[in-house]
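Colleague: could you look at this predicted model? Sequence included:
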Amino acid sequence: MSFTTVTFHIDGMTCQGCVASVTRALKVAPGVIEVTVSLDDKRATVRYDAAQTAPAALVAAVEDAGFDASTSLDISA
């Protein structure tokens with residue numbers, strides 16, 4: 001398996017409840033292995049199986065949860 005890590009900038013998080021919502025939205029996406037969300041940094045780092053999902057799908061999951069996400073940060077294998 002090939003795992004990839006991507007870091008997203010997340011807008012709209014104001015509390016730990018928001019962090020929990022973003023975390024939940026990402027964890028249920030297919031292929032997601034690990035999620036770390038930081039309120040202070042407004043970032044979400046996701047480790048996932050590139051054969052099962054892509055950054056665009058992860059952005060859509062965050063947006064469906066009511067937040068804005070962009071992949072303008074680091075993507076590494």
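Modeller: Nice, thanks for sending it over. A quick note: this is a predicted structure, and the numbers were derived from the prediction, not measured.
Colleague: adjacent strands (with direction) for the longest strand belonging to the chain?
Modeller: Assignment by DSSP state E gives strand 3-11 as the longest strand of the chain. Its sheet considered, strand 3-11 pairs with strand 43-49 (antiparallel), strand 68-70 (antiparallel), strand 75-76 (antiparallel) by DSSP bridges.
Colleague: for it, buried residues please.
Modeller: 4, 6-8, 10 (16 or more other Cβ atoms under 10 Å). From N, CA and C alone the C-beta is placed, and that goes for glycine too.
Colleague: possible to save those as CSV with distance to residue 41 and pLDDT?
Modeller: Below are the buried residues of strand 3-11 laid out as CSV (distance: Cβ to Cβ, whole Å; pLDDT from 0 to 100):
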residue, distance to residue 41, pLDDT
4, 20, 94
6, 15, 94
7, 9, 94
8, 11, 94
10, 9, 96
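Colleague: buried set for stretch 44-54?
Modeller: Buried residues in stretch 44-54, counted by 16+ other Cβ under 10 Å: 44-46, 48, 53.
Colleague: what do you get for stretch 53-69?
Modeller: For stretch 53-69, by 16+ other Cβ under 10 Å, it's 53, 55, 58-59, 61-62, 65, 67, 69.
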